[in-house]
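> give me coordinates for this.
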Amino acid sequence: MGRTSTTGDASVPVPLTVPLVVLASGFIATAVAFLGAGVVGGTPVAEAAGGWLGQDATPLAPATPAFRVWSLIYLGLLAYSVWQMLPTQRRSSRQRRLRPWAVASMLLNAAWIWSVQLDQLTVSLVVIVVLLGVLVRILVLMIETPAETRVGVVLADGTFGLYLGWVTVATVANVAAVLAANGVDGLGPPSGPWDDVAAAVVLAGAAAVGVATAWRSGGRLMPAAGLAWGLAWIGVARLDGAWESGITSAAAFLAAAVVVSVAAVWRFRRS
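Numbers count the residues shown, from 1 in each chain. So this is what the prediction gives:
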């Protein structure tokens, strides 16, 4: 009598085409990233879309060096895309659940870069908000189904955690860019002390998101690290330039410190 399998049967590997789609998505995301960096003919993100995503465009834009974190994220995505093809991972129930969302996150990332290259700033905001939702879903799935190995912790939890933390900050910057491009007061050009207050309130909100994430995830460090990285570079960007502000800079550094500290405390308590 033949054996009947279901998609939930972890002893039966998924068809090879499934992990191949993940692998292809990883290469697509990385290839498009070279376009977004201006390496293969595209316009650097900071200069595309009217320059509204540059570090001096709004008070909530990170300094340009902050975007170097993408190199680590793309490296992690590529490594994950290759690793999840191993026979053991083709049988993993955790990877069955993660793969569709991983593909969505990588293709949405490529779509975001294309929308910016085409000067579609509002479209880019819609894409990054959806991407943020996908990454939140990935975090929930990783919490529900813990990694089976240390390699899985590094390649899946580490990569997508850092990805989520950074995209949270990138979403804030994208929102500010769209509002500034549409002439919303307080986002360009500088007009008074209320700009500092508004920026500080938004940064406090971002820190609150980081605290909530650390609490719900049991003190996962990588989402906190990605978020704190972006917040700290907002602080650096406000030390000089068109949006120089001691108040906003201090608020950004404080927000970054709070996010990391809370995550570390929760991690320690969990241990």
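> buried residues in stretch 106-121, which are they?
Across stretch 106-121, burial judged by 16 or more other Cβ atoms under 10 Å covers 106-117, 121. Just so you know, the C-beta spots here come from the backbone N, C-alpha and C atoms, and that holds for glycine as well.
> identify all contacting residues around it.
25-26, 28-29, 32-33, 35-36, 42-43, 45, 48-50, 52-53, 77, 123-124, 127-128, 130-131, 134, 177-178, 181 (Cβ atoms under 8 Å, 6 or more residues apart in numbering).
> list the contacts of the residue nearest the centre of the chain.
The residue lying closest to the centre of the chain (Cα atoms, centre = their mean) is Val167, at 2.6 Å. By Cβ under 8 Å, 6+ apart, the contact set of Val167 is Ile128, Leu131, Leu132, Leu135, Gly226.
> can you tell me the helix or strand for Ala104?
Element membership of Ala104, judged by DSSP states H and E, is helix 93-117.
> ok now that helix, how far from the chain's centre?
Going by Cα atoms, centre = their mean, to the nearest Å, the spacing between the C-alpha centre of helix 93-117 and its chain's C-alpha centre is 11 Å.
> check which element follows that helix along the chain.
Per DSSP H and E, helix 93-117 leads on to helix 121-144 as the next helix or strand towards the C-terminus.
> got the CA coordinates for that following helix in PDB?
Presented in PDB, the C-alpha positions along helix 121-144 are these (Å, rounded to 0.1, in the frame of the first residue of the first chain):
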ATOM      1  CA  LEU A 121       8.300  57.600  -4.400                       C
ATOM      2  CA  THR A 122       4.700  56.900  -3.300                       C
ATOM      3  CA  VAL A 123       4.800  53.500  -4.800                       C
ATOM      4  CA  SER A 124       8.000  52.800  -3.000                       C
ATOM      5  CA  LEU A 125       6.300  53.600   0.300                       C
ATOM      6  CA  VAL A 126       3.500  51.100  -0.400                       C
ATOM      7  CA  VAL A 127       6.000  48.400  -1.300                       C
ATOM      8  CA  ILE A 128       8.100  49.000   1.800                       C
ATOM      9  CA  VAL A 129       5.100  48.900   4.100                       C
ATOM     10  CA  VAL A 130       4.100  45.600   2.600                       C
ATOM     11  CA  LEU A 131       7.700  44.400   3.000                       C
ATOM     12  CA  LEU A 132       7.600  45.400   6.700                       C
ATOM     13  CA  GLY A 133       4.500  43.400   7.200                       C
ATOM     14  CA  VAL A 134       6.000  40.300   5.500                       C
ATOM     15  CA  LEU A 135       9.100  40.600   7.800                       C
ATOM     16  CA  VAL A 136       6.900  40.800  10.800                       C
ATOM     17  CA  ARG A 137       5.200  37.600   9.700                       C
ATOM     18  CA  ILE A 138       8.600  35.900   9.300                       C
ATOM     19  CA  LEU A 139       9.500  36.900  12.800                       C
ATOM     20  CA  VAL A 140       6.300  35.400  14.200                       C
ATOM     21  CA  LEU A 141       6.900  32.200  12.300                       C
ATOM     22  CA  MET A 142      10.500  32.000  13.600                       C
ATOM     23  CA  ILE A 143       9.200  32.500  17.200                       C
ATOM     24  CA  GLU A 144       6.500  29.800  16.700                       C
END
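> which parts of that helix are buried?
For helix 121-144, by 16+ other Cβ under 10 Å, it's 121, 123-125, 127-128, 131-132, 134-139, 141-142.
> out of those residues, the closest to Arg216 would be?
Set against Arg216, the nearest of those by Cβ to Cβ is Leu139 (8.5 Å).
> pLDDT score for the residue lying closest to that closest one once chain neighbours are set aside?
Leaving out its chain neighbours, the residue that sits closest to Leu139 by Cβ to Cβ, 6 or more residues apart in numbering is Leu164, at 5.8 Å. pLDDT for Leu164: 97.
> Leu164: how many residues sit nearby?
Neighbour count of Leu164, defined by other Cβ atoms under 10 Å: 26.
> quick check: what element follows the helix or strand hosting it along the chain?
Here Leu164, judged by DSSP H and E, is contained in helix 159-181. Sequence-wise, the next helix or strand downstream of helix 159-181 (DSSP H and E) is helix 193-216.
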